[in-house]
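[1] what follows is a predicted structure for the sequence shown.
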Amino acid sequence: MQVDLRKPEFVMKLGRLGSFHQSKLSFLRSFIREFKDWDFQTHILELDNFGFGHGVYVVQKGNKQYSLVCFSNHLDANERSDRVIATKWDASFVLYDGIPSSEDIQRLKDNVPLQEQGRVTEKELCLSRANKSVRVFEHVVDQLSQGHQPDTSLLYSVGYLYRTTAVYGSGKFGLADRIKIQDRGELKGPFRLEMMLVYLARQFTFDVVNHVAHHRSPSTSVKLSDDIARNLGIGNSTGLGMAPFIVNHPALLNQWIMAKEKALQAIRSLSSVKEKEIETFQSYLSTIQDNIKYWKTDSDYQVQKNDQLIHDLKDFQEYFYSKKIEKFFWNDVYEWAEKNTEAECCEFIVSLMMEVYPDIVEPLSYEMSIDEEDYFDIDTSRNINEICQLIEKQYTWLLEVDFKEKDNIYNFWYYSKNKQEPRLSDRFSEEGAELELPLAIARDIQNLYKSLKEMDPTKDLSFYLSKDQQYRHVLRRVFICEQLPYSEIQDNTISKALVPVDMLRLKLSFFGATRFDPRSDRWVRITMYQGAPLMKEISLSNDSWSYKKIA
Amino acid sequence: MHSLYEIETTVKRSAKSQGLSWGVSEEIGKAVRVLEQSGLQGLESFKNIIDYGFDNLIKLTDINQKETSNLCPIHFGIFFQDQSHLKEMHQTFEFKSLQEPLISIPFLIKAAKKNLIYFHIHSNNLKISITPSEMTSIDQNKIPNLINNFSMHVTPQRQSQYSDKTWEGLYQLSLETFVEETEEKKLSGAGAGLSDND
């Protein structure tokens, strides 16, 4: 039986992309698989009694070394903000290429806590900062200092001690450009350095609470138990900054989605299934149904999605338990899920199916990077008529959108002057639309199509471009989409109906985030590495940690 | 020193601030990045063009156009990048003057590689051949048959090819593509009004 890849017009809708879940392809999991045989050590931990100071964690294998340099500073409650407009944080981090000298640490101490206002060099690879979950941090320190383990129901309802509020890489603020590291074998997956930074920062959060608890009461304190620590991840609080990334990197987006779609296609194409594989699937399904109760959110949007997921999973479980083993078992399972469940549940089941087949899925994680420069140039020898046909075929959905309708052009994306971060505003009531970022892809491709249609269709694109360069930025996307079918989100990113948090969720699911907790339609908190092996036990990881019971 | 990422984005945005389209601004960002990575003064050249003013430069949009003095090197480069697959382009053309020819070179290199063609630019003060191979020769006749007592510095460190003043000028222009933040925008633009002390 021939199982096709799912069609881009089905997969690339934001409602579905915004329902993706973490999987074996997620970057934090491929990071652990790649680095599990590296040596992880606490190199320096110099903190005062209140946990302020610095720490250095070293990851090495042979002569390859990376270090996370962490700074912990006092922060008044009125200065604590997850927003990008914040200027101070409880902790700041930088990933260093090698092991830093004391001069390097001093230089970093002067700059890293300042984040965007500081300056780093090409010796540094990633930059980040984090704030405490004050409630959880104080509770944990208090309990540990008195010789007790903390209340796990409180801990797991939050899921972390600190949450990062931005992770920067690839040349920002003077960091090393990606070309410096792109040929290193261990960094072949996307965002691998960012994943390393966050993983090591998680260890720092445990070391800080243990240190502060000990100094609060040296005679009675105990250390946070490994079982509890393992079930704590590190949080992340993120706003719109992430959203333009997936529009600005169409070739990369294709690689991520294509890896997932190839995995699904391969699993659906399996003609037989073993009892053991079904048991594994059932066991993960049952664990995750228990863990979902820790996905706390006040967001009506997410509450509704989670409730629907729980409801759909119950139906699915009934179906699955009664299903006979037949040929193309997984194809039947997928087709049932697609027909009978909402996207949130269907995509969850896809992630779960991928867990059962590491030999199919894990190699695909090496196909998730791409040299985007190879897709930048426009083939100007192509015929105008041919390009119009390409647009009609690839972008059918957008040709039907009426961009004269106010609601279809309601939003505009821009960079704010004071923080240089992407934002989204109402075009009709706020100023600045003339400085709109080129993220209105649907509108601009429709305009490109209209202007091509006014040209002699027998001429080639070089003729068109000699007359008009206004839509050059989207013309190159038409070529990318021709070669890379999952490169375009098939929704209008300036529509009034846009739910920006779906764009964040798409990217975060590929990072490996769980417990999506939208704080508004453009702001979300998530957890990373919850359940992951601790630094000292990473070599024992078998990549099944995402499906362990939290409590 | 600035990263290549910072150079590319600052050039792209400052080009946009001068009225170029986003697509052309993306092209010039990449071109200057390549020049700086190659140890050439791309950023300084680009700043010179901006100081000269795009309004004072002539865009090359038709190979038969009469006005070819003060040609804009960005549009000159893009023109040949876009057009040189055409057979009628494979001949010798005469132009009156081209500002900051360095800026055109990355575009011509791309065109040479893609179409397997050669560009030979000859003027009183510059001779340059751009070929489909990795080598670009600048006045090859000036390479001697022998060099003596020479040194060779090997370093992974890229050298900055521009002044702080040039960078600051371009950076300020790049900010012109950003939107001034009002209190209303702060509240609505990125999801605010949250307590983060929880």
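    Looks like it arrived, so ask away. Residues are numbered from 1 along each chain as shown, chains lettered A, B, ... in the order given.

[2] at the contact with chain B, which residues of the stretch 301-450 of chain A appear?
    Contact residues, the stretch 301-450 of chain A versus chain B (C-beta under 8 Å from any C-beta of the partner chain): A:373, A:376-378, A:380-381, A:414-421, A:423-426, A:430-432, A:435, A:438. Just so you know, the C-beta spots here come from the backbone N, C-alpha and C atoms, and that holds for glycine as well.

[3] mind showing which ranges of the stretch 101-250 of chain A have poor pLDDT?
    By pLDDT under 70, the stretch 101-250 of chain A contains no weakly predicted segment.

[4] list the contacts of the residue of the stretch 51-200 of chain A found nearest chain B.
    At 2.5 Å from chain B, A:Gly171 is the closest residue in the stretch 51-200 of chain A, using C-beta to the nearest C-beta. If you count contacts by C-beta atoms under 8 Å, 6 or more residues apart in numbering or on different chains, A:Gly171 has them with A:177-178, B:3-6.

[5] over to A:Gln149?
    A:143, A:222, A:224-225, A:228.

[6] from the residues of the stretch 301-450 of chain A next to chain B, keep the buried residues only.
    Neighbour-count burial (16 or more other C-beta atoms under 10 Å in any protein chain shown) is assigned, among those, to A:377-378, A:380, A:414-416, A:419-421, A:423-425, A:430, A:432, A:435, A:438.

[7] hang on, A:Pro150 in a strand?
    No. Counting by DSSP: H, G, I helix; E, B strand; the rest coil, A:Pro150 is not found in a strand; it is coil.

[8] need phi/psi at it.
    Torsion angles at A:Pro150 (phi, psi; degrees, to the nearest 10) stand at phi -70, psi 170.

[9] what number of residues lie near it?
    Close neighbours of A:Pro150, defined as other C-beta atoms under 10 Å in any protein chain shown, add up to 20.

[10] that one and A:His139 touch, don't they?
    Yes. At 5.7 Å, A:Pro150 counts as touching A:His139 under the criterion of C-beta atoms under 8 Å.

[11] picking up where we left off before, what about the buried ones among the residues of the stretch 301-450 of chain A next to chain B, which are in strands?
    Those of these mapping onto strands are A:414-415, A:423-425, per DSSP state E.

[12] how about those in a markdown table, adding distance to A:Glu362 and pLDDT?
    Formatted as a markdown table, these follow (distance: C-beta to C-beta, whole Å; pLDDT from 0 to 100):
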| residue | distance to A:Glu362 | pLDDT |
| --- | --- | --- |
| A:Tyr414 | 40 | 93 |
| A:Tyr415 | 38 | 89 |
| A:Arg423 | 38 | 89 |
| A:Leu424 | 37 | 91 |
| A:Ser425 | 42 | 91 |
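
[13] which of those lies at the shortest distance from A:Thr164?
    Nearest to A:Thr164 among these: A:Arg423, at 20.3 Å, using C-beta to C-beta.

[14] gap between the closest one and B:Thr182?
    Remark: distance between A:Arg423 and B:Thr182 (C-beta to C-beta, to the nearest Å) = 11 Å.

[15] then A:Tyr199?
    Applying C-beta to C-beta to A:Tyr199 and B:Thr182 gives a distance of 39 Å.

[16] compare neighbour counts for those two and give me the winner.
    A:Tyr199 (25 against 15).

[17] wait, the more buried one touches A:Pro533, no?
    No. Counting by C-beta under 8 Å, A:Tyr199 stays clear of A:Pro533, with 9.7 Å between them.

[18] overlap in contacts, the two.
    Common neighbours of A:Tyr199 and A:Pro533 (C-beta under 8 Å, 6+ apart) are A:Ile32.

[19] ok, the spatially closest residue to A:Leu498 that is not a sequence neighbour - contacts?
    Nearest residue to A:Leu498 in three dimensions, chain neighbours excluded: A:Asn411, at 6.3 Å (C-beta to C-beta, 6 or more residues apart in numbering or on different chains). By C-beta under 8 Å, 6+ apart, the contact set of A:Asn411 is A:424-427, A:493-496, A:498.

[20] again with A:Ile384
    A:452, A:455-461, A:463-464.

[21] max-length helix in chain B?
    Longest helix in chain B by number of residues, with DSSP state H as the criterion: helix B:22-37.

[22] ok, stretch B:5-21 near chain A or not?
    Yes. With C-beta under 8 Å from any C-beta as the criterion, chain A is reached by stretch B:5-21 at B:5-6, B:21.

[23] which among those residues end up buried?
    Buried among the residues of stretch B:5-21 next to chain A by 16+ other C-beta under 10 Å: B:5-6, B:21.

[24] return the member of those nearest to chain A.
    B:Tyr5 (2.5 Å).

[25] correct me, but A:Asp407 touches A:Lys496?
    Yes. The pair A:Asp407 and A:Lys496 qualifies as a contact (C-beta under 8 Å) at a distance of 4.2 Å.

[26] need the nearest residue in space to the closest residue to chain B within the stretch 401-550 of chain A, chain neighbours excluded.
    In the stretch 401-550 of chain A, the residue that lies nearest chain B is A:Arg472 (2.3 Å; C-beta to the nearest C-beta). Nearest non-adjacent residue to A:Arg472, counting by C-beta to C-beta, 6+ apart: B:Gly23, 2.3 Å away.

[27] one more: A:Ser133?
    Spatially, and ignoring its direct neighbours in sequence, A:Ser133 is nearest to A:Val158 (5.3 Å; C-beta to C-beta, 6+ apart).

[28] show me the contacts for that neighbour.
    So A:Val158 contacts A:133, A:135-136, A:235, A:296 (C-beta under 8 Å, 6+ apart).

[29] count the residues that sit near the closest residue to A:Cys346 other than its chain neighbours.
    Nearest residue to A:Cys346, sequence neighbours excluded (C-beta to C-beta, 6+ apart): A:Ala337, at 4.7 Å. Burial of A:Ala337 is recorded as 23 neighbouring residues (other C-beta under 10 Å).

[30] can you tell me the element A:Ala337 falls in?
    Following DSSP states H and E, one finds A:Ala337 within helix A:329-340.

[31] and that helix, what's buried?
    A:329-331, A:333-334, A:336-338.

[32] give me the angle between the following helix or strand past that helix and helix A:329-340.
    Going down the chain from helix A:329-340, the next helix or strand is helix A:343-355, by DSSP H and E. Counting by axes from the mean of the first three to the mean of the last three C-alpha atoms, to 10 degrees, helix A:343-355 lies at 170 degrees to helix A:329-340.

[33] I'd like the average pLDDT over the helix or strand A:Glu386 falls within.
    Here A:Glu386 sits within helix A:384-394, counting by DSSP H and E. Helix A:384-394 shows a mean pLDDT of 97.

[34] only alpha carbons, please: show the very next helix or strand once past it as CSV.
    Where DSSP H and E defines the elements, the next helix or strand beyond helix A:384-394 is helix A:396-399. Taking Å, rounded to 0.1, in the frame of the first residue of the first chain, the C-alpha atoms of helix A:396-399 are listed here in CSV:
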residue,chain,number,x,y,z
THR,A,396,-4.3,28.5,-4.3
TRP,A,397,-5.7,29.4,-0.9
LEU,A,398,-4.4,32.9,-0.8
LEU,A,399,-5.6,33.9,-4.3
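
[35] and helix A:396-399, what does it pack onto?
    Counting contacts by 3 or more C-beta pairs under 8 Å, 6 or more residues apart in numbering or on different chains; DSSP states H and E, helix A:396-399 is packed against helix A:441-453.

[36] before we move on, the earlier item: quickly list what the residue nearest to A:Leu498 is bridged to.
    Under DSSP bridges, the beta-bridge partners of A:Asn411 are A:Asp426.

[37] contacting residues for A:Phe428?
    If you count contacts by C-beta under 8 Å, 6+ apart, then A:Phe428 has A:406, A:410 around it.

[38] now it: which helix or strand?
    Counting by DSSP H and E, A:Phe428 is part of no helix or strand.
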